[in-house]
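# based on what follows, work out the 3D shape:
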Amino acid sequence: MRQVAYVDLTNRKVTIKPIPEDLLRKFLGGRGIGSYLLYNHTTKGMHPLSPENPLIFSPGFMTGQFANAMGRCHVNGKSPDTGKYGDSNFGGAFGAELMYAGLQALVITGKADKPTYLFIDNDKIQLRDASKLWGKDTYQTQLGVWDELQDPDVKVACIGEAGEHQVGFACILHQLKRSAGRTGQGALMGSKNLKAVAVRGSQSLPVKDPKKLLEITKRQYEYARRTKIFEITKRWSNLFAWVVNNEREGIVVRNHRANFYPEGYGHLDVDIFLEKYSEKMLACQQCAMHCEHRYEVKEGPYKGLKGEGPEWIAPLHFGALVGNIHWDVILASFEKTNRFGIDASTFGLYLGWLMDVYDRGLIGKEQTGGIDFNFGSAEAMVKLPELINKDEGIGKVISHGADEAIKWLGPKTGEFLYRCGRGLTQEAVNDRILRATCLGDQTSNRGNDHLRGRCNLEFMGLPADVLSKIIGRPTNPDPYAWDTKAFFAMWQQNLNTMSDAMGLCKFWTQWFAPDLFGYEQPLEVINAVTGWDMTKEDLWEASDRIWNMEKLFNVRDGEDRRNDSPPKIFFEPIKEGARKGLCLEPDKWNALLDEYYDLRGWTRNGIPKPEKLKQLKLDEEPSHTL
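Below you'll find the predicted structure:
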């Protein structure tokens, strides 16, 4: 029996309830049951930092099972960063441990009267004093919990001082870098005086047909490990994606001043990182891909620095975006964001913005506290995380919302802070020229997001027949073409939704490579574990239902078509390089958005139609079944 635990921090009350099977069939776990619980336990206009806003941890439906790459955990809560639908996803071992403790979901409401952490020990949930942990960074916090519980095998998700100060882009961290990053869930956790959640579980997970599951897992592993992408990722991690996107002029350099970074050659090459810094490769629980580096800086001003990662976002957001060419500086800044519980992606975007307006003369050392914010400044890259962590100086300026930062630094600076229609800072990828990818990213319910709608297959040069077979209908492989791209975007969004609801890492899916997992492989796992006779169509519908549930959350707060818009700079022609002159054309963009809405069953204003909600059995939500 799958269960959800409700923890009311204000009244120090714990309630555990079974989750009806019908609800699991409709929403699965992870992102699915998380979206259901968030919609049902919030109201229109609720403030993101109010005690009533729930913080929800939900492992994927198959997380912790003996199945490939089923180890992810989801976090939901109305976003302190944007005020919209908020969620994030992380790997490691925390989600599996929650499942072993008997919980498919954990819903935390209220506010503790003093710093507190939860200790979940199978069927027992304790609220424990975290006063000695308050003011500690994420690494110190995990060590402190282990020391108090005398058990280093306890799995911990926690916040640093950034979360305590309710920094809008504070994250929740597990291990050294498994981060629930975007949308500021760490700020929500801090607003509840909740420092950490610690879990110890020893329960077995029921499996209807163990022999069949074993056969499926072995067969799927043997298939996956023979793919090229599997071996590439085991060696490079996804750092190779930084190289690929730079080569195709698909990145953001110096805050949108260029889209190609030749200065990185001979400095930010992945092989240089492997030779000078990478020590070994690590993996999340249930995964054989080992895509995570453990690194050490062995010389220079940061000698002795150790950590895990980085992913491709590091040379992008800590390299090209800010005009830096030094791996050791990237690692020093990146490690501080993890240690302090700051979302690395959002941090890099704000850093690039500050360097841009500093270079333009719109701010100076008076605003930065004497720190040099020229592009490439190591001083700024290393000191800014510390200022954010302490909620001081220029760090405090950017910590509590883009609008507040613009007010403080001047309205002119706002012209160079690029945000999507939902208010989330625009990732440093130049996707204005990729039609399906741009559509998929910009219509994502938490804001522009490569982990929700990026159509990587769009720029892989696949033959039309191959791409069409994967997508399931004729699809134009030309990334600059507009036709067939609305369904392509919706297909990718639903596939990613499914993987998040299952607990399946996207590095094992067709989001990452054309010959990896689609719907068929996780479907086999579901039916072997549960004994259900779920079909591919059922799984597609569940994904569609989850996407629409998230949409309903935003619509309830007044969202419409305007929120599915990219930054204005996407409609401006690229100024240099092989793609000079290309951009989004407003008429074609709006026509593509119309087509997407039609496919989704929404009005041309981006609102789900009543008949669509009835089809997906969402017409009576919020149902408060759970």
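# can we go C-alpha only for contacts and neighbour counts from here?
Noted.
# now do the SS call for the one residue sitting closest to the centre of the chain.
A centroid search over the chain (CA atoms, centre = their mean) returns residue 88, at 4.5 Å, as the residue closest to the centre. At residue 88 the chain is in strand, as set by DSSP: H, G, I helix; E, B strand; the rest coil.
# which residues does it contact?
74, 75, 76, 180, 181, 182, 183, 185 (CA atoms under 8 Å, 6 or more residues apart in numbering).
# mind checking which of those residues are in helices?
Among the contacts of residue 88, the residues falling in helices (DSSP state H) are residue 185.
# list just the nearest of the contacts of residue 88 to residue 214.
residue 74 (25.7 Å; CA to CA).
# ends of stretch 362-374, what's the gap?
12 Å (CA to CA, to the nearest Å).
# pLDDT on it, on average?
Per-residue pLDDT values across stretch 362-374 average out to 97.
# also stretch 132-141?
In the prediction, stretch 132-141 has an average pLDDT of 98.
# list the buried residues in the longest helix anywhere in the chain.
Longest helix in the chain, counting residues (DSSP H): helix 536-556. Within helix 536-556, the residues that count as buried by 16 or more other CA atoms under 10 Å are 536, 539-555.
# next one: stretch 20-28
Applying a neighbour-count criterion of 16+ other CA under 10 Å, one finds 24, 26, 27, 28 buried in stretch 20-28.
# which two in those residues are spaced the farthest apart?
26 and 28 (6.1 Å).
# what touches both of these two?
residue 542.
# picking that back up, identify the residues contacting the longest helix of the chain?
Helix 536-556 has contacts (CA under 8 Å, 6+ apart) with 25-28, 31-32, 35-36, 39, 44, 84-85, 445, 494-495, 497-498, 519-520, 523, 607-608, 616, 618.
# only the buried subset of these, as a ChimeraX command please.
The following ChimeraX line selects those of the contacts of helix 536-556 that are buried, judged by 16+ other CA under 10 Å:
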select :26,27,28,31,32,35,36,39,84,85,445,494,495,497,498,519,523,607,608,616,618
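# which of the contacts of helix 536-556 fall in helices?
25-27, 31-32, 35-36, 39, 494-495, 497-498, 520, 523.
# of all the residues you listed, which comes closest to residue 260?
residue 495 (29.9 Å).
# ok, the closest one - contacts?
Residue 495 neighbours (CA under 8 Å, 6+ apart): 511, 518, 519, 540, 543.
# separation between the closest residue to residue 463 other than its chain neighbours and residue 469?
Nearest residue to residue 463, sequence neighbours excluded (CA to CA, 6 or more residues apart in numbering): residue 477, at 6.8 Å. Distance of residue 477 to residue 469, given as CA to CA: 12 Å.
# more neighbours: those two, which one.
Neighbour count, other CA atoms under 10 Å: between residue 477 and residue 469, residue 477 has more, with 22 against 11.
# helix/strand/coil for that one?
Under three-state DSSP, residue 477 comes out as coil.
# that one reaches residue 462, doesn't it?
Yes - between residue 477 and residue 462 a contact is recorded at 6.5 Å, counting by CA atoms under 8 Å.
# before we move on, the earlier item: with neighbour count as added columns, please give the contacts of residue 88 in a markdown table.
Below are the contacts of residue 88 laid out as a markdown table (neighbours: other CA atoms under 10 Å):
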| residue | neighbour count |
| --- | --- |
| 74 | 27 |
| 75 | 25 |
| 76 | 30 |
| 180 | 27 |
| 181 | 25 |
| 182 | 28 |
| 183 | 31 |
| 185 | 35 |
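# tabulate the contacts of residue 88 (CSV), appending pLDDT and distance to residue 483.
Shown next, in CSV, are the contacts of residue 88 (pLDDT from 0 to 100; distance: CA to CA, whole Å):
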residue, pLDDT, distance to residue 483
74, 98, 34
75, 98, 35
76, 98, 34
180, 96, 35
181, 93, 34
182, 94, 31
183, 96, 32
185, 98, 37
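# next SSE downstream of whichever helix or strand residue 221 is part of?
Residue 221 is part of helix 210-225 when elements are defined by DSSP states H and E. As assigned by DSSP H and E, the chain's next helix or strand after helix 210-225 is helix 228-236.
# okay, and the residue of the chain most remote from its centre sits in which element?
Taking CA atoms, centre = their mean as the measure, the residue most remote from the mean C-alpha position of the chain is residue 366, 34.6 Å away. Element membership of residue 366 [criterion: DSSP H and E] is helix 365-368.
# same for the next helix or strand after that helix, what does it pack against?
Helices and strands here follow DSSP H and E; after helix 365-368, the next one along the chain is helix 378-390. Applying 3 or more CA pairs under 8 Å, 6 or more residues apart in numbering; DSSP states H and E, one finds that helix 378-390 makes contact with helix 161-164, helix 327-340, helix 393-399.
# any chance of those in TSV, plus mean pLDDT?
Formatted as TSV, the helices and strands packed on helix 378-390 follow (pLDDT from 0 to 100):
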stretch	mean pLDDT
helix 161-164	98
helix 327-340	98
helix 393-399	96
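# would a markdown table of those with distance to residue 216 and mean neighbour count be doable?
Supplementary listing: the helices and strands packed on helix 378-390 in a markdown table, determined by distance: least, CA to CA, whole Å; neighbours: other CA atoms under 10 Å:
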| stretch | distance to residue 216 | mean neighbour count |
| --- | --- | --- |
| helix 161-164 | 41 | 30 |
| helix 327-340 | 36 | 24 |
| helix 393-399 | 47 | 21 |
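# can you lay out these as a markdown table showing distance to residue 104?
Converted to a markdown table, those look like this (distance: least, CA to CA, whole Å):
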| stretch | distance to residue 104 |
| --- | --- |
| helix 161-164 | 25 |
| helix 327-340 | 26 |
| helix 393-399 | 33 |
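# which one of those lies closest to residue 576?
helix 327-340 (26.6 Å).
# quick one: contacts of the closest one?
137-139, 159-162, 173, 176-177, 179, 267-268, 273, 297, 302, 305, 307, 310, 314-315, 318-319, 324, 343-344, 347, 378, 381-382, 385-386, 389.
# ok, back up a step: for the helix holding residue 221, name the packing helices and strands.
helix 520-530.
# let's see 10 Å
helix 228-236, helix 520-530 (3 or more CA pairs under 10 Å, 6 or more residues apart in numbering; DSSP states H and E).
# for that helix, which positions count as buried?
212, 213, 216, 217, 220, 221, 224.
# for these, give me a markdown table that also has pLDDT and distance to residue 155.
Below are those laid out as a markdown table (pLDDT from 0 to 100; distance: CA to CA, whole Å):
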| residue | pLDDT | distance to residue 155 |
| --- | --- | --- |
| 212 | 98 | 30 |
| 213 | 98 | 26 |
| 216 | 98 | 28 |
| 217 | 98 | 25 |
| 220 | 97 | 28 |
| 221 | 97 | 26 |
| 224 | 96 | 28 |
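# closest one of those residues to residue 434?
Closest approach between the buried residues of helix 210-225 and residue 434, by CA to CA: residue 224, at 27.7 Å.
# identify the residues contacting that closest one.
Neighbouring residues of residue 224 by CA atoms under 10 Å, 6 or more residues apart in numbering: 68, 230, 231, 288, 289, 508, 509, 515, 516, 517.
# wait, residue 134 sits on residue 116?
Yes - applying CA atoms under 10 Å, one finds residue 134 in contact with residue 116, separated by 8.8 Å.
# show me which of those two is the more surrounded one.
A direct count of neighbours by other CA under 10 Å for residue 134 and residue 116 places residue 116 higher, at 24 against 20.
# and the spatially closest residue to residue 343 that is not a sequence neighbour, how far is that from residue 345?
Nearest residue to residue 343, sequence neighbours excluded (CA to CA, 6+ apart): residue 181, at 4.8 Å. Using CA to CA, residue 181 is found at 8 Å from residue 345.
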